[in-house]
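Participant: Structure of the sequence below:
(one chain, ligands or ions: 1)
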Amino acid sequence: MLFHVRMNVSLPASMPADDAAKLKADEKALAQRLQEQGKWRHLWRIAGQYANVSIFDVDSVDELHALLTSLPLFPYMQIEVMPLCRHPSSIRSDDR
Ligand SMILES: O=C(O)CC1=CCC(=O)O1
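Facilitator: Numbers count the residues shown, from 1 in each chain. Next up is the predicted model:
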C-alpha cells in the first residue's frame, strides 16, 4: 500500500542545539534504514520549508502508523497522510 505523507517539522526554539542535532541524526539513520528496506520509497525536501513529502510503501495502515510514530522527530512534526491507489493512466507497473 502506498501513502503520500507530508511532514512539517517544528522544533522548539528553546531546544538545546545538541538535543536537536541528536534528534536529526537519529531521524536520518532511521529514515535511511527504512529507505534501504523499501518502506520509505521517496523522500523530498519541500523547497524553502522545514518539511518533506514522502512516499511510503507498507503492508497496512497500522504499519504506517507504527512507523511514523516511531520517528525520533514525531513529537515535533505535523503529519498529513494521503492513501494512494493506482491511476488507470499510469504507465508505471510498480504504482500499487
Ligand atoms: O528534515 C525533515 O524533513 C524530517 C526528516 C524526515 C526524515 C529525515 O531524515 O528528516
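
Participant: So which residues on the chain come close to the ligand?
Facilitator: Residues of the chain lying close to the ligand by C-beta under 6 Å from any ligand atom are 7, 9, 27-28, 31, 52, 73. All C-beta spots, glycine's among them, are computed from the backbone N, C-alpha and C.

Participant: can we see that at 5 Å?
Facilitator: By C-beta under 5 Å from any ligand atom, the residues of the chain that approach the ligand are 27-28, 31, 52.

Participant: Tell me which of those fall in helices.
Facilitator: 27-28, 31 (DSSP state H).

Participant: got the phi/psi numbers for the residue positioned nearest the centre of the chain?
Facilitator: Centroid-nearest residue in the chain: Ser54, 5.1 Å away (criterion: C-alpha atoms, centre = their mean). Backbone dihedrals for Ser54, given as degrees, to the nearest 10, come out at phi -140, psi 160.

Participant: contacting residues around it?
Facilitator: 4-7, 40-44 (C-beta atoms under 8 Å, 6 or more residues apart in numbering).

Participant: for it, which residues make a bridge with it?
Facilitator: Ser54 has these beta-bridge partners by DSSP bridges: Val5, Leu43.

Participant: just the buried members of the ones in helices among the residues of the chain next to the ligand?
Facilitator: 27, 31 (16 or more other C-beta atoms under 10 Å).

Participant: from the ones in helices among the residues of the chain next to the ligand, which is closest to Met15?
Facilitator: Glu27 (13.6 Å; C-beta to C-beta).
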